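In: quick one, structure for this:
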Amino acid sequence: MSCYMAQDAVYINLNGGRSYAIHFAPFWAVPRLLTAVGLRKGSCLIVTDTNVAGLYLERLRGYLLKAGWSPLPGLILPAGEGSKAPELLQQIYDHALGAGIDRQTPVLALGGGVIGDLAGYAAATLLRGLPLVHLPTSLIAQVDSSIGGKTGINHSVGKNLIGAFYQPKLVCTDLDALQSLPELEWTSGLAEVVKHGLIADAEFAHKLSTNWDRILRRDTNTVRHMVRKAAAIKARIVSEDERESSLRAILNFGHTFGHAIERIAGYGQFTHGEAVAVGMRAALKVSVLLNPDLPYTTIDSLLKRLPVRNSIKDLDPTKLTQTMHFDKKVLAGRLRLVLLRGIGSAYVTDKVTEEQISAGWDCARNA
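Out: Numbering: from 1, shown residues only. Prediction:
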């Protein structure tokens, strides 16, 4: 086992004793971290998926058993966005209650963003709240979805419409997990990394551009610094605005367009990152229509580096726009978009016309 430095962490500072840390540590450190946050040794429930189980489930169970924990039978769910559904949530409820959980049984969400969202919502609602621990294995989960307490499932009319804010006790991010990540999941996750730079840190966005070749080949040091910086950006924003009443909304840059793509194309046709990548190009077009001084070419050249397998040319633009109006950021019937003021600066506005939204879709369709 390599050395783990306990101070290698990023902190989310929240009111009411709910602050927690993102520890950049190998999974063998999980038992120690559980004890450090005051969780008593006893039963724990690991929720994972078919992609991750073979890599880490038994290994994690072994670490826990050796440290004196009594892990319940792990629950392995189908991988993919389709699992963020009521019937899979019910499966977690049935498994957990059948295994004999109590209110001190931590739920360990071992996997990517789907598992984190789904297991997190189960933890938030089972017995009115079980301790939650995120063990993110995908790039998207490590830099974005495991940070900030958003949990939930999809509804037939839109993405993430059922859920709750529920903060974990801790996040343990094992960077070695990224080396086994399939290429599609790696490049998909880069969309959220780029987004963080574009909305909140111009210097980080510049470093991403200049180090892109190293990032694509997953150079160890480059990836370590990239993930830690991206996580720190998200942590800072969440610490300032936990429940998305103001600043945190900028994290949705590209997502209002992107979620519509996922919904209309059918979940799984685009990865979340691919949909966000296309959505950011649409949002960039709207941004420059409202602010012609925006460095469009510089930003667009970075977004073009994000690989997207499919085109949205066959998706009905009217349906895409209609679906955007089911976005959870809609307020008083008005669609709100996250747009860019410049590199590293974003804002939320409801002063966008249907014509400007259509121009955004046209740009993304012809990209």
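
In: quickly find the element holding K195.
Out: helix 183-200 (DSSP states H and E).

In: nope, L340 is what I was after
Out: strand 337-342.

In: quick one: strands adjacent to the helix or strand that comes right after that strand?
Out: Per DSSP H and E, the first helix or strand lying C-terminal to strand 337-342 is strand 345-349. Under the criterion DSSP bridges, strand 345-349 sits next to strand 337-342 (antiparallel) in its sheet.

In: now the strand it pairs with: mean pLDDT?
Out: Average pLDDT, strand 337-342: 98.

In: from the chain's centroid, how far away is it?
Out: 20 Å (CA atoms, centre = their mean, to the nearest Å).

In: what's next to it, contact-wise?
Out: 198-199, 202, 249-256, 283-284, 286-287, 290-291, 294-295, 299, 346-350, 352, 357 (CB atoms under 8 Å, 6 or more residues apart in numbering). The C-beta positions use only the backbone N, C-alpha and C, and glycine is treated the same way.

In: list buried residues within those residues.
Out: The neighbour-count criterion (16 or more other CB atoms under 10 Å) marks 198-199, 249-256, 283-284, 286-287, 290, 294, 299, 346-348, 352, 357 among the contacts of strand 337-342 as buried.

In: for the closest residue to R248 other than its chain neighbours, give its distance to H272.
Out: Spatial nearest neighbour of R248, chain neighbours left out: D241 (4.0 Å); criterion: CB to CB, 6 or more residues apart in numbering. Using CB to CB, to the nearest Å, D241 is found at 22 Å from H272.

In: higher neighbour count, these two?
Out: Looking at D241 and H272 with other CB atoms under 10 Å, you find the greater number of neighbours at H272, namely 26 against 15.

In: and the longest helix for this protein?
Out: Counting by DSSP state H, the longest helix found in the chain is helix 220-240.

In: related to what we said a few turns ago, in the helix holding K195, what's buried?
Out: For helix 183-200, by 16+ other CB under 10 Å, it's 185-200.

In: and that helix with strand 345-349, angle?
Out: Angle, helix 183-200 to strand 345-349, by axes from the mean of the first three to the mean of the last three CA atoms, to 10 degrees: 80 degrees.

In: right, and the helix or strand after helix 183-200?
Out: helix 202-210.

In: contact partners of the following helix or strand past that following helix?
Out: Sequence order places helix 212-216 as the next helix or strand after helix 202-210, per DSSP H and E. Applying CB under 8 Å, 6+ apart, the contact partners of helix 212-216 are T187, L190, L208, T222, V223, M226, R305.

In: got the CA coordinates for the helix or strand encompassing V133 in CSV?
Out: Per DSSP H and E: V133 is located in strand 132-136. In CSV, the C-alpha atoms belonging to strand 132-136 read as follows (Å, rounded to 0.1, in the frame of the first residue of the first chain):
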residue,chain,number,x,y,z
LEU,A,132,-24.0,8.6,3.2
VAL,A,133,-20.4,8.1,2.0
HIS,A,134,-19.5,8.7,-1.7
LEU,A,135,-16.7,6.6,-3.2
PRO,A,136,-16.7,8.0,-6.8
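
In: direction included, what does that strand pair against?
Out: Strand 132-136 is paired, per DSSP bridges, with strand 107-111 (parallel), strand 170-173 (parallel).

In: and of the ones you listed, who's closest to I153?
Out: strand 107-111 (13.7 Å; CB to CB).

In: list the buried residues for that closest one?
Out: For strand 107-111, by 16+ other CB under 10 Å, it's V107, L108, A109, L110, G111.

In: list of residues touching it?
Out: 30, 44-49, 51-52, 56-57, 60, 79, 96, 115-116, 118-120, 122-123, 126, 130-138, 141, 146.

In: among the residues you listed, name the ones in strands.
Out: Those of those mapping onto strands are C44, L45, I46, V47, T48, D49, L132, V133, H134, L135, P136, per DSSP state E.

In: hang on, the fifth one packs against Y56?
Out: Which is T48. Yes. Here T48 reaches Y56: they are 7.3 Å apart, a contact under CB atoms under 8 Å.

In: more neighbours: which of these two?
Out: Using other CB under 10 Å, the more surrounded residue of T48 and Y56 is T48, with 26 against 20.

In: need phi/psi at R309.
Out: phi -70, psi -40 (degrees, to the nearest 10).

In: give me the low-pLDDT residue ranges for the protein?
Out: 1-7 (pLDDT under 70).

In: so how many other residues sit close to the closest residue in space to F165 that isn't next to it in sequence?
Out: Spatial nearest neighbour of F165, excluding adjacent residues (CB to CB, 6+ apart): G149 at 4.7 Å. G149 has 21 neighbours, counted by other CB under 10 Å.
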